[in-house]
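Visitor: task: produce atomic coordinates for the following.
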Amino acid sequence: MTQLNAFVEAAQQAFRQIPLSAVAIEQDLRTVKADGGSVVLEVFKAEKFSKIVFCTITIDETGVLESTAMAWPAEDHNFPILWCNFTIVPEVMNVPVFDCIPMMDIIAWPDYATRYVEPISDLKAEALDILGESVLNKAVDLPSRTVYALSPYKLIPMVTQEGVELVPKVTSMYIAGYLKLVQDSVPVPAQDRQYCLHRRQQLQALMKANDPGYPFMVDVFGEETTHRVFDQVF
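Guide: Residues are numbered from 1 along each chain as shown. From the prediction side, this is the model:
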């Protein structure tokens, strides 16, 4: 868990650049413990954000460790959703995911691409420079239809154990770049709000329905608890 703890701590520390307010969630969801694993869940709110979520999942039987940091814009904003995820399967793979998921179609709304997508185009290259020779595969295939929603600058590499130690630094860099986007963001124009809300709802449904960890979660925590956790994260 110490490997994921460093990832989570880096993400939380990066977000402390802005004032955060804890969101009250059900007590039994803050820490979920079962015979086969555990879930630790924290949810916050902030100006311009509807929620910022940190979730860490442990599956004992497979040894899988997974942690997610997600940030969702408030309904009157359409800057990208931040998705940072780190999955560790001991002695098998270490795969971080970094992306800022567009809330508008970047072809139909080219101004959106100029404001919210192109400014983070350098983050992927900078991350790969940090990870250096620890990268085993620069473009892992994510087994989820969620890839349909990701930006052109998504980063999904496989890294060595040495790379695991570098992931927190990359996390801090991505969140710093993301918060700069948020700082410069403006409310979504009224004529675009309905599309933005529809895209958000569809994205939430897509990510909930296609999370690769869903069957493992259900096996350990049951369908009801898994859905409740996913409702908070997504």
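Visitor: can you name the residues in contact with the longest helix along the chain?
Guide: Criterion DSSP state H: the longest helix present in the chain is helix 190-209. Identification of contacts with helix 190-209 by CB atoms under 8 Å, 6 or more residues apart in numbering yields 72, 75-76, 78, 81, 101, 103-104, 109, 145-146, 148-149, 188, 227, 230-231, 234. Every residue, glycine included, has its C-beta placed from N, CA and C.
Visitor: chain center to that helix: distance?
Guide: Mean-position distance between helix 190-209 and its chain equals 17 Å (CA atoms, centre = their mean, to the nearest Å).
Visitor: give me the contact list for the following helix or strand past it.
Guide: Counting by DSSP states H and E, the next helix or strand C-terminal to helix 190-209 is helix 214-221. Residues from elsewhere that reach helix 214-221, judged by CB under 8 Å, 6+ apart: 32, 34-37, 39, 57, 59-62, 64, 211, 226, 229-230.
Visitor: what helix or strand is the residue nearest in space to the middle of the chain located in?
Guide: Nearest to the geometric centre of the chain sits W83, at 2.2 Å (CA atoms, centre = their mean). Assigned by DSSP H and E, W83 belongs to strand 81-89.
Visitor: which strands and helices lie in contact with that strand?
Guide: Applying 3 or more CB pairs under 8 Å, 6 or more residues apart in numbering; DSSP states H and E, one finds that strand 81-89 contacts helix 2-15, strand 64-73, strand 93-101, helix 167-183.
Visitor: for that strand, buried residues please.
Guide: Across strand 81-89, burial judged by 16 or more other CB atoms under 10 Å covers 81-88.
Visitor: related to what we said a few turns ago, just the CA trace of the longest helix of the chain, in PDB.
Guide: Extracted as PDB, the C-alpha positions of helix 190-209 are listed here (Å, rounded to 0.1, in the frame of the first residue of the first chain):
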ATOM      1  CA  ALA A 190     -25.800  29.100 -21.800                       C
ATOM      2  CA  GLN A 191     -26.300  27.700 -25.300                       C
ATOM      3  CA  ASP A 192     -23.800  24.900 -24.700                       C
ATOM      4  CA  ARG A 193     -24.900  23.900 -21.200                       C
ATOM      5  CA  GLN A 194     -27.400  21.300 -22.200                       C
ATOM      6  CA  TYR A 195     -24.900  19.500 -24.400                       C
ATOM      7  CA  CYS A 196     -22.300  19.600 -21.600                       C
ATOM      8  CA  LEU A 197     -24.700  18.200 -19.000                       C
ATOM      9  CA  HIS A 198     -25.700  15.400 -21.400                       C
ATOM     10  CA  ARG A 199     -22.100  14.500 -22.100                       C
ATOM     11  CA  ARG A 200     -21.300  14.500 -18.400                       C
ATOM     12  CA  GLN A 201     -24.200  12.100 -17.700                       C
ATOM     13  CA  GLN A 202     -23.200   9.800 -20.600                       C
ATOM     14  CA  LEU A 203     -19.600   9.800 -19.400                       C
ATOM     15  CA  GLN A 204     -20.600   8.900 -15.900                       C
ATOM     16  CA  ALA A 205     -22.700   6.100 -17.200                       C
ATOM     17  CA  LEU A 206     -19.900   4.900 -19.500                       C
ATOM     18  CA  MET A 207     -17.200   4.900 -16.800                       C
ATOM     19  CA  LYS A 208     -19.400   3.100 -14.300                       C
ATOM     20  CA  ALA A 209     -20.500   0.400 -16.700                       C
END
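Visitor: if I look at the spatially most distant residue from the centre of the chain, how far off is A205?
Guide: Distance to the chain centre peaks in the chain at Q191, reaching 28.0 Å (criterion: CA atoms, centre = their mean). From Q191 across to A205, the span is 24 Å (CB to CB, to the nearest Å).
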